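S.K.: sequence plus the predicted model coming up.
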Amino acid sequence: MDVTHAANGALLDEKEKVIGGASGSGKRRSLGGESPVNADGAQVGQSAVGGDKAATATEEEEVEDESKYLTGVKLAILSLGLCLVTFMIALDNTIIATAIPKITTVFNSLNDIGWYGSSYLLTTCSLQPSFGKVYTYFDVKYTYLFALFLFEVGSIVCAAATSSSMFIVGRAVAGAGAAALFSGGMTIIGYSVPLRKRAIYIAALSSMFGIASVVGPVLGGAFTDKVSWRWCFWINLPFGAVSFAVVFIFFSNPERLYSHMTVKARIKEIDLLGALFLICAIVSLLLALQWGGQTYPWKDSKVWGTLLGFGLIISVFIGLQVRQKDRATIPLRVFKQRTILVSCVFSALLSMSIYCHLFYLPFYFQAIKGTTAEQSGIRTIAYLVSVTSSSIVVGGLITKFGYYAPFMWLGSAIFTIGCGMLYTLKVDSSPGKWIGYQILAGIGCGASVQVPFIAVQVVASTKDMPTANALVMFFNSLGGAISLSIANNVFVNNLIKEIPKAGFDPRPILQSGPTGFRPFVPVALLPAVLERYNNAVVSTFLIAVATAGISAIVSYGMEMKSVKGKKIVAGGAA
């Protein structure tokens, strides 16, 4: 493996290594996380994200000191607790997918479909970089627990919502909490598990999205059909309580690199102004994508005004990031590292594809095939079981062989093919087709979805790991938010254009929602209306085809590195 050193190639003295782990038994240097310097003033023991002055030294392997990490029952219980939290935030996305058709009917809010997902992802993605900085400068455990509490508050608001607007606000609050939970879980894993073993633990965490995707639609459908869609959110409360207790008891805080700094000084490092500009920029972009061609014509001043606002705000944000350097919400020093950059872009593109399927496959089954919410959840199990199985198998293979990039290449290629096949679904497509296509897409997705999170743990130092994890999650959520806004726009606009071709007014269909339009359509016109409705649904899958294809190309930019044989210097993998 390539190991970066300072100009003189000196290594850190063992006493100067950052060895404080989850147990908190090791010693950390108290220099704000800076690497030591040699006589020439060059940094020693830089990580792969260390800078331009690093030089490649002789290839050698060093066994990491694993005594600082958790083991046995404590590690198992903590891992289960983190998996439960990840399962919960993943369930919050998947359980709602089969309930959304019913929610839009209850609130008469078909035009708000995009916001039900985007409001959650808006706060999630815009706050993730800031939470990455919070994890760096503040207490890891209590930041995580606060985020979990915030997520639970948002869930309560959603469960008690009396209007579409209140529901959207609840989703936004829950998203703010979720912003710190998955990346925080990755950070806790980084402090608790040796690098060579992390792939399987990261795979376990990532697989929760797949498991939740299997359970979520079925559970959401069952709640919606037999009790109430509100139970899709009440269910988060017991999960949250158990997870809170586990993390509180079994995770010991690592010694902070910046404990010598005052609270005021650490707050200044978080770049709150940058976070504010980022939130405003994303809101402007999502508003434009939601409004354009749907609520208002694209040429309307509200649409191009928000696009112009996005351009101006994001320009100011980029300027701030350059000026702030390491204090930036998105530190360019970290972001421009090749593996981290590719991981971020790849994760965003893959997320765009996944969310199109996650939200619109239930529309295909409920609106086109005429199933109940519960039945539509059952019919998506093929997709979601294959994602979970593939993710776990690939995580084990990466742990065994070390290299992760090949799985990224192969997985994204298979996923692209699967997306293309799902785009061909028709009103009369047989079970063999819609099951087989879902399995193909799921295998490809599961093989590649976790790779970015593994890759950044290999190249990032301990100091940069929370930020690197948060960056990947930021782009993952941003991709999902943008995808849902675009997909909702494409779906509604195509529905308005397609239904009149069947000789029927689209307004009753738009007003009654995907689960309630059939009684308004004359029997003689129903086959033609279903065909046109199907065209509108699968048009969203074309977005998945495009983004998955681009992700397959982007994947070839990933560096060929291994999780094995990494030299641990300055607390990171060099």
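M.R.: Now that the structure is in, tell me what you want to look at. Numbers count the residues shown, from 1 in each chain.

S.K.: V157 against G170, yeah?
M.R.: Yes: applying Cβ atoms under 8 Å, one finds V157 in contact with G170, separated by 3.2 Å. Where you see a C-beta, it was placed from the backbone N, CA and C, and this is true even at glycine.

S.K.: these two: which has the busier surroundings?
M.R.: G170 (22 against 18; other Cβ atoms under 10 Å).

S.K.: who are the packing partners of the helix or strand where the more buried one lies?
M.R.: For G170, the host element (DSSP states H and E) is helix 164-178. Packing contacts for helix 164-178, counted by 3 or more Cβ pairs under 8 Å, 6 or more residues apart in numbering; DSSP states H and E, involve helix 72-97, helix 100-107, helix 113-137, helix 140-159.

S.K.: following that helix, which helix or strand comes up?
M.R.: Next element after helix 164-178 (DSSP H and E): helix 181-192.

S.K.: quick one: whichever helix or strand comes after that following helix to helix 100-107, angle?
M.R.: Remark: after helix 181-192, the chain's next helix or strand is helix 195-226, criterion DSSP H and E. Orientation check (axes from the mean of the first three to the mean of the last three Cα atoms, to 10 degrees): helix 195-226 against helix 100-107 gives 50 degrees.

S.K.: next one: helix 195-226 to chain centre, how far?
M.R.: How far helix 195-226 lies from its chain's middle: 13 Å, per Cα atoms, centre = their mean, to the nearest Å.

S.K.: which other helices and strands contact that helix?
M.R.: Short answer (3+ Cβ pairs under 8 Å, 6+ apart): helix 195-226 packs on helix 72-97, helix 181-192, helix 231-234, helix 373-379, helix 381-401, helix 451-459.

S.K.: that older thread, contacts for the helix holding G170, please.
M.R.: With Cβ atoms under 8 Å, 6 or more residues apart in numbering as the contact definition, helix 164-178 has outside contacts at 89, 92, 103, 107, 109, 112, 115-117, 119-124, 127, 147-161, 233.

S.K.: filter those residues to the buried ones?
M.R.: Among these, the ones that count as buried by 16 or more other Cβ atoms under 10 Å are 89, 92, 103, 107, 109, 112, 115-117, 119-124, 127, 147-148, 150-152, 154-159, 161, 233.

S.K.: buried sites along the helix or strand hosting V246?
M.R.: Assigned by DSSP H and E, V246 belongs to helix 236-250. Of the residues in helix 236-250, 236, 239-240, 243-244, 246-247, 250 count as buried by neighbour count, 16+ other Cβ under 10 Å.

S.K.: now the residues you listed as TSV including pLDDT and distance to L205?
M.R.: Output for the buried residues of helix 236-250, formatted as TSV (pLDDT from 0 to 100; distance: Cβ to Cβ, whole Å):
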residue	pLDDT	distance to L205
N236	90	18
F239	87	15
G240	88	17
S243	89	13
F244	91	17
V246	88	14
V247	85	13
F250	81	16
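
S.K.: specify which member of those residues is nearest to L358.
M.R.: N236 (18.1 Å; Cβ to Cβ).

S.K.: could you list the domains of the chain?
M.R.: Following the TED database, the chain resolves into domains at 68-263, 272-328, 337-573.

S.K.: on that earlier part again, wait, which of the helices and strands packed on helix 195-226 is closest to F474?
M.R.: helix 181-192 (8.3 Å).

S.K.: now do the closest one against helix 451-459, angle only.
M.R.: 40 degrees.

S.K.: just the strands in the stretch 301-450 of the chain please.
M.R.: Along the stretch 301-450 of the chain, no stretch is classed among the strands by DSSP state E, counting those that start in this stretch.

S.K.: OK, contacts around S386?
M.R.: Counting by Cβ under 8 Å, 6+ apart, S386 makes contact with 438-443, 446.

S.K.: least confident of the residues you listed?
M.R.: Ranked by pLDDT, the contacts of S386 bottom out at G446 (88).

S.K.: leaving out chain neighbours, which residue sits closest to that one?
M.R.: Distances taken as Cβ to Cβ, 6 or more residues apart in numbering place S390 nearest to G446, at 2.9 Å, with adjacent residues excluded.

S.K.: number of nearby residues for the one you found?
M.R.: S390 is flanked by 26 other residues according to other Cβ under 10 Å.

S.K.: for it, give me its contacts.
M.R.: 411, 442-447.

S.K.: mind redoing it with 6 Å?
M.R.: S390 makes contacts with 443, 446-447, as judged by Cβ atoms under 6 Å, 6 or more residues apart in numbering.

S.K.: picking up where we left off before, of the buried residues of helix 236-250, which is the nearest to V538?
M.R.: Nearest to V538, judged by Cβ to Cβ, of those is N236 at 32.1 Å.
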